[in-house]
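Trainee: no sequence on this one, just coordinates:
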């Protein structure tokens, strides 16, 4: 009789300990969870600052343009993140594993949806000649209304992506996957740190870097030349017959200097303060 009592007590204790091994409802928005999420947001956004300094000086974005570009991505990432937190608590079971599954889908299949969505929106924007919706184009000088329109467009793409990924996570197949993923983890705080900080930090750093290239204005098919010893450096766009002017002259390789013999469309022009370039971007 005493043996049965001890055995029952041990079963209860083991059941309680199993519960304590994983996250429970509300842990994602607890004190530790919020601290981890704030730290993740700070470090992930820092990688975009690093990316700016990794860009060539000749095409490095001014801080205002950089902020307009990256803030769109930050707001979109916040929408997806809090949607995942909300959905994780809505599903039955360990919310950390549900968040982890949703995050992995957003980072893989979701990235493809985002890419296609951004491409589609830009095709429609160019067909309607709505220049304020061209990603990375904010006017001269940069206008906040262009940023608002582009941000709204980007968030719509993110919402569509999240709806599609939510349908993908509904099949019962994922129940077995989430049980398998976190089986080795025996501490709820460690589980929370892994699914909401360690893995997302690495993946988001890569995703932010990639998506930033989708959202900023791309400069392609360019060559750099010196117009004269007293002139500014300009960038010549072969496809649109446009040039881009920079305030400071950077050292370039001899192979990058164009002459009239190399390209008949590129000619030397003397600098006149009152004269405007063909097009300045």
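Mentor: Alright, I've got the coordinates. Nothing here was measured: the structure is a model prediction, and the numbers come from that model. Residues are numbered from 1 along each chain as shown.
Trainee: Tell me which stretches of the stretch 101-250 of the chain form helices.
Mentor: Using DSSP state H, counting those that start in this stretch, the helices of the stretch 101-250 of the chain run over 109-127, 144-169, 173-181, 188-193, 199-215.
Trainee: among the ones you listed, which is nearest residue 45?
Mentor: helix 199-215 (7.6 Å; Cβ to Cβ). Using the backbone N, CA and C atoms, a C-beta is placed for each residue, glycine as well.
Trainee: What residues sit buried inside the closest one?
Mentor: Within helix 199-215, the residues that count as buried by 16 or more other Cβ atoms under 10 Å are 200, 201, 203, 204, 205, 207, 208, 211, 212, 214, 215.
Trainee: Over to stretch 58-72?
Mentor: Per 16+ other Cβ under 10 Å, stretch 58-72 contains these buried residues: 61, 65, 66, 68, 69, 70, 72.
Trainee: Which single one of the residues you listed is nearest to residue 189?
Mentor: Nearest to residue 189 among these, with distances taken as Cβ to Cβ, is residue 70, at 30.9 Å.
Trainee: need the contact list for that closest one.
Mentor: 45, 48, 212 (Cβ atoms under 8 Å, 6 or more residues apart in numbering).
Trainee: Check residue 116 and give its pLDDT.
Mentor: pLDDT recorded at residue 116 is 95.
Trainee: can I get the buried residues of helix 199-215 in a markdown table with pLDDT and distance to residue 192?
Mentor: As requested, the buried residues of helix 199-215 are exported to a markdown table (pLDDT from 0 to 100; distance: Cβ to Cβ, whole Å):
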| residue | pLDDT | distance to residue 192 |
| --- | --- | --- |
| 200 | 90 | 11 |
| 201 | 89 | 13 |
| 203 | 90 | 16 |
| 204 | 87 | 16 |
| 205 | 86 | 20 |
| 207 | 87 | 21 |
| 208 | 87 | 22 |
| 211 | 88 | 26 |
| 212 | 88 | 28 |
| 214 | 80 | 31 |
| 215 | 82 | 30 |
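Trainee: got a markdown table for these, with distance to residue 101 too?
Mentor: Shown next, in a markdown table, are the buried residues of helix 199-215 (distance: Cβ to Cβ, whole Å):
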| residue | distance to residue 101 |
| --- | --- |
| 200 | 13 |
| 201 | 18 |
| 203 | 13 |
| 204 | 16 |
| 205 | 20 |
| 207 | 17 |
| 208 | 21 |
| 211 | 21 |
| 212 | 26 |
| 214 | 25 |
| 215 | 27 |
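Trainee: still on that earlier bit, residue 25 is nearest to which of the helices of the stretch 101-250 of the chain?
Mentor: The nearest among the helices of the stretch 101-250 of the chain, by Cβ to Cβ, is helix 188-193 at 11.9 Å.
Trainee: For the closest one, list every residue counted as buried.
Mentor: Buried, per 16+ other Cβ under 10 Å, within helix 188-193: 188, 191, 192, 193.
Trainee: which of those lies closest to residue 88?
Mentor: Closest to residue 88, out of all of the buried residues of helix 188-193 and judged by Cβ to Cβ, is residue 192, at 11.2 Å.
Trainee: need the contact list for the closest one.
Mentor: Under the criterion of Cβ under 8 Å, 6+ apart, the contact list for residue 192 reads 23, 27, 28, 32, 33, 36, 96.
Trainee: Without its sequence neighbours, what residue ends up closest to residue 36?
Mentor: Leaving aside its sequence neighbours, residue 36 sits nearest to residue 197 (Cβ to Cβ, 6 or more residues apart in numbering; 4.6 Å).
Trainee: Next: residue 175.
Mentor: residue 93 is the one closest to residue 175 (Cβ to Cβ, 6+ apart), at 7.6 Å.
Trainee: Report the secondary structure state of the one you found.
Mentor: Using DSSP: H, G, I helix; E, B strand; the rest coil, the structure places residue 93 in coil.
Trainee: So which of the buried residues of stretch 58-72 sit within strands?
Mentor: Assignment to strands by DSSP state E places none of these there.
Trainee: Just the closest of those to residue 154, please.
Mentor: For these, the closest approach to residue 154 (Cβ to Cβ) belongs to residue 72, at 4.8 Å.
Trainee: Next, give me the two most distant ones among the buried residues of helix 188-193.
Mentor: 188 and 193 (9.7 Å).
Trainee: Kindly list the longest helix within the protein.
Mentor: helix 63-90 (DSSP state H).
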